[in-house]
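In: with the input below, show me the fold.
(one chain, ligands or ions: 1)
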Amino acid sequence: MYIYEKAPAKINLMLDVLHKREDGFHEVEMVMTMVDLADRLTLSDPGSSRISLSSQSGYIPLDDKNLAVRAARLLKQRFGVSRGVHMHLEKRIPVAAGLAGGSSDAAAALRGLNRLWELGLSEAELEELGAELGSDVPFCVRGGTALATGRGEKLETLPNPPRCWVVLAKPPINVSTADVYGNLKAGEIAVHPSSSKMREALERGSFRDVCGGLGNVLEDVTLKLYPAVERLKKVTESLGADGVLMSGSGPTVFALVAKEEKARQICNGLRGFCEEVYAVRTLG
Ligand code: ATP
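Out: Predicted coordinates for the structure are as follows:
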């Protein structure tokens, strides 16, 4: 028996950092939504108690460092599962891109193993387990669109944005999320994007207001550290997208576009600057 799970990428429509907490994490406010660029996870019973992972991608660890493997170990230990699993990960989401690929794989593993091992866990229980694996995992378990607070694990579901095109451009550089947060001076952020403005835009179903409310306080930090991302953002803006923002800690820059023809034009324009460019739809 094979079980298939889709692991979609997320983008941040807004990301604000309120302050650094005593536990070293940052207190954040993020509105995230899923897009239809996805990894595909296949789970099967190996007939033994082993946990193993294979992938066509050469860019990810296949051992205990992989978040999908960590998800399997967590469930196996917590619920005393004697069975094992073989997982195959067809990786499509660029790695270390600010698109939560690893977190989404972990969420897909939690959902898939809940079925394969017949654990009978609720979505809320899977979200709680996900929080032990990473701040973005609970959102990836829930999917759709949500406001995430705390260190990203407290979720409130919001209406999905109006269906539109999302052009994603990932420059060929690796950005360390830890470095970006390390260089952020939370007390000196000049302009904070507003989660309530984004919430209102989503509740009104206004594409224009969603574009107007885009904001990410990590963008300034990453753009200063990596001028290639700044150039990419300027080029994307010059191509006439309705809204442009960096996702997460970067380096992926995304453009929201209402019209398909315009999305194709932007995609073609960006291909001269950047090898990894995708035109996808918002999910939901
Ligand atoms: P986020 O947006 O949550 O910060 P990201 O998109 O920037 O995440 P990921 O693609 O999740 O970053 O990868 C970050 C690191 O995590 C990689 O360098 C990789 O070594 C490790 N990793 C662990 N498991 C996975 C996985 N299943 N897929 C991709 N990377 C993984």
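In: where along the stretch 51-200 of the chain do the helices fall?
Out: If you assign secondary structure with DSSP state H, counting those that start in this stretch, the helices in the stretch 51-200 of the chain sit at 67-78, 101-116, 123-131, 137-142, 177-183, 195-204.
In: so which of these is nearest residue 168?
Out: Using C-beta to C-beta as the criterion, the shortest distance between residue 168 and those is 11.8 Å, found for helix 101-116. Quick note: C-beta positions are derived from backbone N, CA and C, even for glycine.
In: what average pLDDT does stretch 101-110 get?
Out: This predicted structure assigns stretch 101-110 an average pLDDT of 98.
In: how about that stretch and the ligand, any contact?
Out: Yes: Stretch 101-110 reaches the ligand (C-beta under 6 Å from any ligand atom) through 101, 102, 103, 105.
In: from those residues, pick the one nearest residue 176.
Out: residue 102 (13.6 Å).
In: excluding covalently adjacent residues, which one is nearest to whatever residue of the stretch 51-200 of the chain ends up closest to the ligand?
Out: Distances from the stretch 51-200 of the chain to the ligand, computed as C-beta to the nearest ligand atom, single out residue 102 as the nearest residue at 2.6 Å. Nearest-residue entry for residue 102: residue 67, 4.4 Å, with adjacent residues in sequence omitted and distances by C-beta to C-beta, 6 or more residues apart in numbering.
In: and the chain, what are its domains?
Out: 2-157, 165-281 (automatic domain parsing).
In: got the ones you listed as JSON lines, with mean neighbour count columns?
Out: Compiled in JSON lines, those are given as follows (neighbours: other C-beta atoms under 10 Å):
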{"stretch": "domain 2-157", "mean neighbour count": "19"}
{"stretch": "domain 165-281", "mean neighbour count": "18"}
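In: ramachandran angles for the residue nearest to residue 48 when sequence neighbours are not counted?
Out: Once its chain neighbours are removed from consideration, residue 48 has its nearest residue in residue 84; the separation is 5.1 Å (C-beta to C-beta, 6+ apart). Here the main-chain torsion angles of residue 84 (degrees, to the nearest 10) amount to phi -110, psi -170.
In: relative to residue 126, how far out is residue 84?
Out: 20 Å (C-beta to C-beta, to the nearest Å).
In: quick one on the thing from earlier: OK, contacts around the residue nearest to residue 48?
Out: Shown here is residue 84, whose contacts under the criterion C-beta atoms under 8 Å, 6 or more residues apart in numbering are 45, 46, 47, 48, 49, 50, 51, 52.
In: likewise residue 36?
Out: With the criterion set at C-beta under 8 Å, 6+ apart, residue 36 makes contact with 8, 280, 281, 282, 283.
In: now, these that are in strands?
Out: The members of those that map onto strands under DSSP state E are 8, 280, 281.
In: which one of these is nearest the ligand?
Out: The shortest distance between the ligand and any of the ones in strands among the contacts of residue 36, using C-beta to the nearest ligand atom, involves residue 8 and amounts to 12.1 Å.
In: the closest one touches residue 143, doesn't it?
Out: Yes: A contact is recorded between residue 8 and residue 143 when judged using C-beta atoms under 8 Å, the distance being 7.1 Å.
In: list residues touching both of the two?
Out: Among the neighbours of residue 8, those also in contact with residue 143 (C-beta under 8 Å, 6+ apart) are 34, 283.
In: and residue 120, what does it touch?
Out: For residue 120, the contact set (C-beta under 8 Å, 6+ apart) comprises residue 114.
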